[in-house]
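S.K.: following is a predicted model, sequence given first.
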Amino acid sequence: MKIKVCGMKYPDNILELSRLSIDFMGLIFYEKSSRCVGELSPEALHVLPSSIQKAGVFVNASEAEVLEKVTKYDLQAVQLHGSESPEFCQSIKNQNITIIKAFAVSETGDWQQTAEYEHHCDYFLFDTKTPKFGGSGQKFDWKILSSYTGETPFFLSGGIGLDDIQAIKRISHQRLYAIDLNSRFEIAPGLKDPDLLRKLLDEF
């Protein structure tokens, strides 16, 4: 199971997490998010080992803006949370960048929206459906995952905490690639608790 920790913004906290065995670190470039990186210096990310991929999170940004951040922060992955088209995803993917396309889900019919994105994205991310862009810190009914028949591997997101470990281990879907952690491992928005994360990592 791969582990992604999203919503990082503080240099000292980034340094702390650089010592953990996580696989992806998410940096949010959506200005309306309380976890937006703001004026984070690219140098703050130099502490990260090559084993941790840096993923930039965007909502309906232009391709130029995405690629500018990719270059500035040396991002290996881009996570798209808006209404980006399959063609947009493919265009970014063609730049040798890993594409994670997020979808808000709440019922089995929501899988239909993923079909046209097959082969244009490296991964999907399934999060809880909300009126706004971004995460809600709430879980959707994971039982509906059994009806996902797509070929694209996926990240599971939405309110995941320590008390969900056993439930996640019981998910047997062959396309489940990673879990995405955020608000339930925080001391404050954008400030993660390394001790809580260590407890989770000990279980995987």
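M.R.: Sure, I can see it.

S.K.: contacting residues around the residue nearest the centre of the chain?
M.R.: Nearest to the mean C-alpha position of the chain, by Cα atoms, centre = their mean, lies residue 180 at 5.4 Å. Going by Cβ atoms under 8 Å, 6 or more residues apart in numbering, residue 180 touches 4, 6, 26, 125, 127, 155-158, 160. Every residue, glycine included, has its C-beta placed from N, CA and C.

S.K.: quick one, which of those are buried?
M.R.: Buried subset of the contacts of residue 180 (neighbour count, 16 or more other Cβ atoms under 10 Å): 4, 6, 26, 125, 127, 155-158, 160.

S.K.: those residues in strands, which ones?
M.R.: 4, 26, 125, 127, 155-156 (DSSP state E).

S.K.: tell me the one of the buried ones among the contacts of residue 180 nearest residue 46?
M.R.: Nearest to residue 46 among the buried ones among the contacts of residue 180 is residue 26, at 17.5 Å by Cβ to Cβ.

S.K.: isn't the closest one right next to residue 6, touching?
M.R.: Yes - if you go by Cβ atoms under 8 Å, residue 26 and residue 6 touch, sitting 3.1 Å apart.

S.K.: so what sits against both of those two?
M.R.: Jointly contacting residue 26 and residue 6 under the rule Cβ under 8 Å, 6+ apart are 55, 57, 180, 182.

S.K.: what sits closest to residue 175 if chain neighbours are left out?
M.R.: residue 153 (4.9 Å; Cβ to Cβ, 6 or more residues apart in numbering).

S.K.: neighbours around the one you found, how many?
M.R.: Residue 153 has 17 neighbours, counted by other Cβ atoms under 10 Å.

S.K.: please apply the same query to residue 144.
M.R.: By other Cβ under 10 Å, the residues close to residue 144 number 16.

S.K.: is it in a helix, a strand, or coil?
M.R.: On the three-state scheme (DSSP: H, G, I helix; E, B strand; the rest coil), residue 144 is labelled helix.
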